[in-house]
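Peer 1: Requesting a structural model of the entry that follows:
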Amino acid sequence: MGKFKINESTIVKYHNKIFEIEDRITGNVFVYKSQLEIINLFNPDNFEIYFLYNNKIPENSIYKLYTDDIRIGWIFPIQSLESSEHDYAQDEFYLRYAYIALYKLLQMINFTNEEYSDFSIMDYYPDNIHILVYDTNNTKNIDNFDISKYTVSLFYRGYSYTGEGNIFTEPEEINKNIRIRQLPAPIRDISYINVLFEELVPLHETSYSKFHLLYQIIEILIGVVFNYKINELIGEMKNSSNDLFDKREKLNDITTEKKRVVWLFNDFTKIEPQKLDSLNKLCIELLEKNGKKANNDKPADNLYNVRCLIVHNLYSLNGCSRELLEDLNNSFLDVIFDILFTFKEI
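Peer 2: Okay, the predicted model is just below:
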């Protein structure tokens, strides 16, 4: 993750509205003056910062950050730290966090032997990054807080730790606050889901590779469905040894991947009909263009059949399938967000 890493040889001090940065190796002292009237009210040691990407939003995209109902910090473009031409240039709460961000950004810089009397933060950092900064005193009020548990939610809001942010779907419009949340309890501890959104989902991939990547999430979740269903069946068998033929039929269903995908879509999650319809139409179009049958009323079946088409018959896909699959992947990702945030055990 894009976490702040301190440069041990750098000492930062702030007084008289000026940062003094000393390089302990060379003994050189550099000066940085913020263009903002920052407020040094907080101790930087009580804060964490991360680097994010979101290429869809402008400099004025400055937001208070909430986890559910608890405000923990802010997200803002790094460019906002060296500009007074945005809506929060006079906001005292933003200016407190701007001080923290600048302090820590200066701590990270490896200064050379050159003498700097005037320099810009942008001389050392890309101008397209966003800063997530939160107060660890606030996160103490959250049980087992770990920012990595909110990776999917951040990506849903448009932000990623790699790549260019969520450039694949249209995140919900944000007003002044960003609210992020963990995944539901039954899947919260499957850390690999967050790892996928941290390292791989944000990247540009071929349309075929992207589909395989997204379908991994489905495979993870139908594994959870399998465990739930098999435990349910074991409970039934403990309570009654009758109807063994019926139990065998249920076991066959549980071990069938396609059936578990259907259960995932229909029973364990709640997907917005419009998103599901969009994905279904694209699945049908891809299947029919490649000579495969589709069922208009069964989105989960059609998605599974697309999976089989790509896994087993990739060589036979016609020329227009790649572009169509790219649109399908974006629609698939929209559906995956609904699946992940509404997953429940029935």
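
Peer 1: going forward, measure contacts between C-alpha atoms and count neighbours the same way
Peer 2: Fine.

Peer 1: Let me see the ranges of the helices in the stretch 1-150 of the chain.
Peer 2: Secondary structure of the stretch 1-150 of the chain by DSSP state H, counting those that start in this stretch: the helices cover 92-108, 136-139.

Peer 1: so what secondary structure elements neighbour the helix or strand harbouring D338?
Peer 2: Using DSSP states H and E, D338 falls within helix 321-342. Packing partners of helix 321-342 (3 or more C-alpha pairs under 8 Å, 6 or more residues apart in numbering; DSSP states H and E): helix 207-239, helix 273-289.

Peer 1: ok, which stretches of the stretch 1-150 of the chain are strands?
Peer 2: Under the criterion DSSP state E, counting those that start in this stretch, strands of the stretch 1-150 of the chain are mapped to 10-15, 18-23, 29-32, 47-53, 63-67, 70-77, 129-135.

Peer 1: How far does stretch 224-243 sit from its chain's centre?
Peer 2: Here stretch 224-243 shows a centroid-to-chain-centroid distance of 35 Å under the convention C-alpha atoms, centre = their mean, to the nearest Å.

Peer 1: Enumerate every residue touching I217.
Peer 2: Residues in contact with I217 (C-alpha atoms under 8 Å, 6 or more residues apart in numbering) are 193, 336.

Peer 1: One more pass at 10 Å, please.
Peer 2: Remark: with contacts taken as C-alpha atoms under 10 Å, 6 or more residues apart in numbering, I217 is in contact with 192-193, 196, 223, 336, 339-340.

Peer 1: which stretches of the chain have low pLDDT?
Peer 2: 1-6, 59, 112-117, 241-242, 244-245 (pLDDT under 70).

Peer 1: and the angle from the helix holding D338 to helix 207-239?
Peer 2: Helix 321-342 and helix 207-239 are oriented at 40 degrees to each other (axes from the mean of the first three to the mean of the last three C-alpha atoms, to 10 degrees).

Peer 1: got the angle for helix 321-342 vs helix 273-289?
Peer 2: Relative orientation of helix 321-342 versus helix 273-289 (the same axes, to 10 degrees): 150 degrees.

Peer 1: which SS state does L203 fall under?
Peer 2: Following DSSP: H, G, I helix; E, B strand; the rest coil, the label given to L203 is coil.

Peer 1: ok, the closest residue to it other than its chain neighbours - how many residues close by?
Peer 2: Nearest residue to L203, sequence neighbours excluded (C-alpha to C-alpha, 6 or more residues apart in numbering): G163, at 5.1 Å. Counted by other C-alpha atoms under 10 Å, the residues lying close to G163 total 19.

Peer 1: Among the strands of the stretch 1-150 of the chain, which comes closest to G235?
Peer 2: strand 63-67 (37.2 Å; C-alpha to C-alpha).

Peer 1: circling back: of the helices of the stretch 1-150 of the chain, flag the one that's most buried.
Peer 2: Highest mean neighbour count among these (mean count of other C-alpha atoms under 10 Å): helix 92-108, with a mean of 21.

Peer 1: Please compute how far it lies from its chain's middle.
Peer 2: With C-alpha atoms, centre = their mean as the basis, the mean position of helix 92-108 lies at 24 Å from the chain mean.

Peer 1: just stretch 332-346 next, same as before
Peer 2: On C-alpha atoms, centre = their mean, the centre of stretch 332-346 falls 14 Å from that of its chain.

Peer 1: among the helices and strands packed on helix 321-342, which is the most enclosed?
Peer 2: The highest mean neighbour count among those, using mean count of other C-alpha under 10 Å, belongs to helix 273-289: a mean of 19.

Peer 1: picking up where we left off before, format the strands of the stretch 1-150 of the chain as a markdown table; extra columns: distance to L251.
Peer 2: Output for the strands of the stretch 1-150 of the chain, formatted as a markdown table (distance: least, C-alpha to C-alpha, whole Å):
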| stretch | distance to L251 |
| --- | --- |
| strand 10-15 | 63 |
| strand 18-23 | 67 |
| strand 29-32 | 68 |
| strand 47-53 | 45 |
| strand 63-67 | 40 |
| strand 70-77 | 44 |
| strand 129-135 | 47 |
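
Peer 1: Give the buried residues for the helix holding D338.
Peer 2: Neighbour counts using 16 or more other C-alpha atoms under 10 Å place 321, 324-341 of helix 321-342 among the buried residues.

Peer 1: before we move on, what about stretch 182-199?
Peer 2: The neighbour-count check on stretch 182-199 (16+ other C-alpha under 10 Å) flags 182-183, 187, 193-198 as buried.

Peer 1: same check, this time on stretch 26-40
Peer 2: Within stretch 26-40, the residues scored as buried using 16+ other C-alpha under 10 Å are 29-34, 36-40.

Peer 1: Appreciated, that's everything.
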